[in-house]
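Enquirer: got a structure for you, letters missing:
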């Protein structure tokens, strides 16, 4: 396999997942090389070829989304681009897909291996409840849900204002330790992985894996904070045919 990641989580045998990196595509700088985002001003032909390579490699049909930092969860449809920030499916061969470049991608499945989902969670979507909405879309007991948190901005790179901290702490007091005062007065360093774990636990999901990445400092990944003109990588999950 090209330099792509396979999530390390105890998913059922029939559940497959992957996170792409910058490697393996045809896009030119600053989108080099496997940019999968068609909204970042890259050459459309290059994006189409990059998506074709991903599709062919796994023999899957990715369901791409128009992500808007909201909480809508769509049924994954590879023939249409839904305006949503998460998708789910029970159909083998269709890949729920989240594109990111610092935001948090989260992959979901049920323990029975009958349903999967993927969510895109920037801080706004996370605070609005996109992870909780994705859990609800699976229509199973939250205790039966497994989640893997993919590459996102790390806690040493994610500086936020006091208004961001206030939004989370007001909703869930337990999230306070996820915010550490920054060297810049009035600012905080936020741990998006801890925030996600705490919010998932609050809705009954405790089987949460992954985390520990930092897209800003890891050159394998696109990072909007590192370079605003950049591409997007994808986190995908699907049921094996």
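Expert: Arrived safely. Here the structure is a predicted model, which means the values were calculated and not measured. Residues are numbered from 1 along each chain as shown.

Enquirer: what helices or strands is the helix or strand hosting residue 107 leaning on?
Expert: Residue 107 is part of strand 104-110, with elements assigned from DSSP states H and E. Strand 104-110 makes packing contacts with strand 15-19, strand 94-100, strand 116-121, helix 130-137, strand 145-149, helix 192-202, strand 233-239 when contacts are defined by 3 or more C-beta pairs under 8 Å, 6 or more residues apart in numbering; DSSP states H and E. Placement of C-beta: from N, CA and C, glycine included.

Enquirer: which of the ones you listed sits most buried?
Expert: strand 116-121 (a mean of 30; mean count of other C-beta atoms under 10 Å).

Enquirer: show the subsequent helix or strand relative to it.
Expert: Past strand 116-121, the next helix or strand by DSSP H and E is helix 123-128.

Enquirer: show the average pLDDT along that next one.
Expert: Average pLDDT, helix 123-128: 98.

Enquirer: check which helices and strands the longest helix that the chain contains sits against.
Expert: The single longest helix within the chain, with elements called by DSSP state H, is helix 44-58. Helices and strands touching helix 44-58, by 3+ C-beta pairs under 8 Å, 6+ apart, are strand 61-63, strand 233-239.

Enquirer: in its sheet, which strands sit next to the longest one, and in what direction?
Expert: Taking DSSP bridges as the criterion, strand 233-239 forms sheet pairs with strand 15-19 (antiparallel), strand 94-100 (antiparallel).

Enquirer: in CSV: these, plus distance to residue 241 and mean pLDDT.
Expert: CSV is the format used below for those (distance: least, C-beta to C-beta, whole Å; pLDDT from 0 to 100):
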stretch, distance to residue 241, mean pLDDT
strand 15-19, 10, 98
strand 94-100, 10, 98
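
Enquirer: what comes up buried for stretch 60-79?
Expert: Applying a neighbour-count criterion of 16 or more other C-beta atoms under 10 Å, one finds 60-65, 67, 69-78 buried in stretch 60-79.

Enquirer: tell me the contacts of residue 96?
Expert: Listed by C-beta atoms under 8 Å, 6 or more residues apart in numbering, the contact set of residue 96 reads 63, 76, 86-89, 107, 116-118, 236-238.

Enquirer: can we see that at 7 Å?
Expert: Shown in contact with residue 96 (C-beta atoms under 7 Å, 6 or more residues apart in numbering): 63, 76, 87-89, 116-118, 236-238.

Enquirer: from residue 89, how far off is the closest residue in space to it that isn't next to it in sequence?
Expert: Among residues not flanking residue 96 along the chain, residue 118 sits closest, at 3.8 Å (C-beta to C-beta, 6 or more residues apart in numbering). Residue 118 sits 9 Å away from residue 89, going by C-beta to C-beta, to the nearest Å.
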